[in-house]
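**Q** take a look and give me a structure for this.
(one chain, ligands or ions: 1)
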Amino acid sequence: MSGIQPRDRQALLAARQRHLGKMLSLSYREPLKIVRGRGAYLYDESGREYLDCVNNVCHVGHCHPRVVAAAANQMAELNTNTRYLHDNIVTYAERLTSTLPNHLSVCFFVNSGSEANDLALRLARNHTGREHLLVLDHAYHGHTAALIDASPYKCNSKGGRGAPPNTHVLSAPDTYRGPYRRGDPDAAIHYADQARDVLAAQEIAAVIAEPAMGCGGQIILPNGYLARLFAHVHGAGGVCIADEVQVGFGRVGSHAWCFETQNVAPDIVTLGKPIGNGHPLGAVVTTPEIADSFNNGMEYFNTFGGNPVSCAIGLEVLQAIEDEGLQRNAHETGSYLLAGLQDLATRHELMGDVRGLGLFIGVELVRDRDTLEPAEREADNVIEGMKARGVLLGTDGPYHNVLKIKPPIVFSRQDADRLLTALDATFSGNTI
Ligand code: PMP
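**A** From the prediction side, this is the model:
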């Protein structure tokens with residue numbers, strides 16, 4: 001064990017405020033000190049158990065024993081970099097690409113979702129010789145300088161400097177709140193066709209889009225949207241990037257990759273969060289042509305990306321998803337949970353919209369179902385009420401009024417029942 005002496009919450013908080021930047025936020029009015037995790041559960045310092053409905057990073061469950069063992073064993077054996085031949089990186093690249101369409105056959109391994117997207121933009125810009133980007137409103141793609149500029153969630157929000165001239169923002173295809181809604185059979189077409197004017201006026205290097213939007217408010221894209229958008233971009237000589245950092249690795253249940261639900265073939269796919277079950281790992285997978293354009297004489301070296309430990313972990317995560325049937329679980333438990341939430345929404349007016357794919361679900365809270373006035377304060381109270389009932393959730397979206405549900409995909413039917421019972425009690429305003 002490490003020699004770190006445990007401190008109580010107040011002492012930790014005071015020391016944290018002294019030594020860590022204040023822009024690092026803490027969840028909850030009374031922050032939690034979490035000291036242990038297992039499966040879909042987290043435990044605080046007193047041993048109190050919480051059902052984790054929001055951590056989409058520890059995808060196959062917190063501290064999955066097989067993943068932990070793979071990490072420890074490889075760490076004890078060797079950890080180097082990509083400048084030596086090693087079985088792990090090559091085996092992992094083969095195994096990862098076997099889950100993707102054939103044209104996506106070349107991998108770059110990095111350390112985070114941000115690094116993956118940053119590299120994807122470099123690849124697209126190198127390949128096309130162009131600079132401009134198409135992005136979706138409210139999207140978040142990462143924290144590097146290039147990605148803040150490509151993330152309206154940041155650059156067009158508090159503290160942001162606005163999107164730079166080479167970032168072109170399309171409406172988020174939000175069929176609940178956006179300009180084109182579910183009743184309109186052509187909503188997907190109207191949203192996708194917004195790209196036409198930009199593409200006519202400007203040469204675009206790439207579009208980057210999440211095949212279901214996370215930070216933007218758990219938005220499920222209307223059928224046919226990405227296919228039409230990608231067709232416009234391909235027609236104009238641009239590259240199509242699917243950001244699967246939140247929604248990949250079987251979370252959406254029906255498919256391994258969320259872009260498959262939209263029936264598209266991206267040129268670049270970026271991976272992060274769940275890929276290493278909590279270990280810092282990310283990947284970019286692309287075509288041989290795009291990878292070859294990048295081979296222009298400047299070496300690509302990434303000190304940690306693709307090291308033997310990270311690759312051993314990545315392999316074990318893929319194996320656990322397969323051996324434990326976790327994509328099927330995401331499909332079955334997700335459908336069960338979605339139906340349960342839709343039922344709750346018939347009794348609780350605040351629950352304006354319930355939407356989701358597999359275990360990627362959003363519940364949008366509104367004060368009025370006609371005006372859609374966002375219920376931000378109420379959403380915050382729900383999160384606190386759920387915490388008091390031992391269930392952890394978060395909010396997101398431009399109005400902070402969408403409950404995000406994206407648990408580890410080992411989430412069981414009993415866990416779903418526990419979440420539904422706690423939500424029902426919280427929305428009913430029951431005291432604990
Ligand atoms: N892409 C998406 C869609 C994300 O949600 C995030 C993180 N929230 C990132 C990229 C950045 O990933 P990371 O925080 O690992 O750098």
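**Q** CA only for contacts and neighbour counts going forward, please
**A** Will do.
**Q** tally of neighbours for residue 79?
**A** Using other Cα atoms under 10 Å, residue 79 has 12 other residues around it.
**Q** and if you look at residue 281?
**A** Residues within reach of residue 281, counting by other Cα under 10 Å, total 27.
**Q** with residue 30 instead?
**A** Neighbour tally, residue 30, other Cα under 10 Å: 10.
**Q** and for the one 4 residues further on?
**A** If you count neighbours by other Cα under 10 Å, residue 34 ends up with 15.
**Q** show me what it is bridged to.
**A** With DSSP bridges as the criterion, residue 34 is bridged to residue 44.
**Q** what about the residue at minimal distance from the centre of the chain, distance to residue 29?
**A** Nearest to the mean C-alpha position of the chain, counting by Cα atoms, centre = their mean, stands residue 246 at 1.7 Å. Residue 246 is 26 Å from residue 29, where distance means Cα to Cα, to the nearest Å.
**Q** ok, residue 383 next?
**A** 10 Å.
**Q** if you count what's nearby, which of these two comes out ahead?
**A** Comparing residue 383 with residue 29 by other Cα under 10 Å, the one with more neighbours is residue 383, at 22 against 8.
**Q** what does the longest helix along the chain contact?
**A** In the chain, assigned by DSSP state H, the helix with the most residues is helix 326-345. Helix 326-345 is touched from outside by 60, 249-256, 320-321, 351-361, 409-413, 416-417, 420, 424, with contacts defined as Cα atoms under 8 Å, 6 or more residues apart in numbering.
**Q** how does it look with 6 Å?
**A** Outside helix 326-345, the residues within contact range by Cα atoms under 6 Å, 6 or more residues apart in numbering are 250, 251, 253, 254, 351, 358, 359, 409, 413, 416.
**Q** burial count for residue 11?
**A** 10.
**Q** correction: the previous question concerned residue 303.
**A** Neighbourhood size, residue 303 [other Cα under 10 Å]: 13.
**Q** how near is the closest residue to residue 156 other than its chain neighbours to residue 124?
**A** Distance criterion Cα to Cα, 6 or more residues apart in numbering; nearest residue to residue 156, sequence neighbours excluded, is residue 162 at 4.7 Å. Applying Cα to Cα, the value for residue 162 to residue 124 is 23 Å.
**Q** next, count neighbours for residue 295.
**A** 12.
**Q** what parts of this structure come near the ligand?
**A** Applying Cα under 6 Å from any ligand atom, we find that the chain lies next to the ligand at 112-114, 140-142, 210, 214, 243, 245-246, 272-273.
**Q** among those, the buried ones, what's the ChimeraX command?
**A** Buried residues within these, by 16 or more other Cα atoms under 10 Å, are selected in ChimeraX with:
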select :112,113,114,140,141,142,210,214,243,245,246,272,273
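**Q** now tabulate the residues of the chain next to the ligand in JSON lines and tack on secondary structure and pLDDT.
**A** Supplementary listing: the residues of the chain next to the ligand in JSON lines, determined by DSSP: H, G, I helix; E, B strand; the rest coil; pLDDT from 0 to 100:
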{"residue": "112", "secondary structure": "coil", "pLDDT": "98"}
{"residue": "113", "secondary structure": "helix", "pLDDT": "98"}
{"residue": "114", "secondary structure": "helix", "pLDDT": "98"}
{"residue": "140", "secondary structure": "coil", "pLDDT": "98"}
{"residue": "141", "secondary structure": "coil", "pLDDT": "98"}
{"residue": "142", "secondary structure": "coil", "pLDDT": "98"}
{"residue": "210", "secondary structure": "coil", "pLDDT": "98"}
{"residue": "214", "secondary structure": "coil", "pLDDT": "98"}
{"residue": "243", "secondary structure": "strand", "pLDDT": "99"}
{"residue": "245", "secondary structure": "coil", "pLDDT": "98"}
{"residue": "246", "secondary structure": "coil", "pLDDT": "98"}
{"residue": "272", "secondary structure": "coil", "pLDDT": "98"}
{"residue": "273", "secondary structure": "helix", "pLDDT": "98"}
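**Q** closest to residue 173 among the residues of the chain next to the ligand?
**A** residue 210 (11.1 Å; Cα to Cα).
**Q** give me the domain ranges for this structure.
**A** Domain segmentation of the chain under automatic domain parsing yields 9-60+325-428, 66-323.
**Q** tell me which of those lies nearest to residue 3.
**A** With Cα to Cα, the closest approach to residue 3 among the domains of the chain belongs to domain 9-60+325-428: 15.0 Å.
**Q** quick one: the closest one to chain centroid distance?
**A** 15 Å (Cα atoms, centre = their mean, to the nearest Å).
**Q** and that domain, how far apart are its ends?
**A** Domain 9-60+325-428 stretches 31 Å from its first residue to its last (Cα to Cα).
**Q** still on that earlier bit, can I get the residues of the chain next to the ligand in CSV including distance to residue 374?
**A** CSV is the format used below for those (distance: Cα to Cα, whole Å):
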residue, distance to residue 374
112, 32
113, 29
114, 29
140, 20
141, 24
142, 26
210, 23
214, 18
243, 27
245, 27
246, 24
272, 30
273, 29
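**Q** list the buried ones in whichever helix or strand residue 415 is part of?
**A** Take DSSP states H and E as the rule and residue 415 turns out to sit in helix 413-427. Under the neighbour-count criterion of 16+ other Cα under 10 Å, helix 413-427 has 415, 416, 418, 419, 420, 422, 423, 424, 426, 427 buried.
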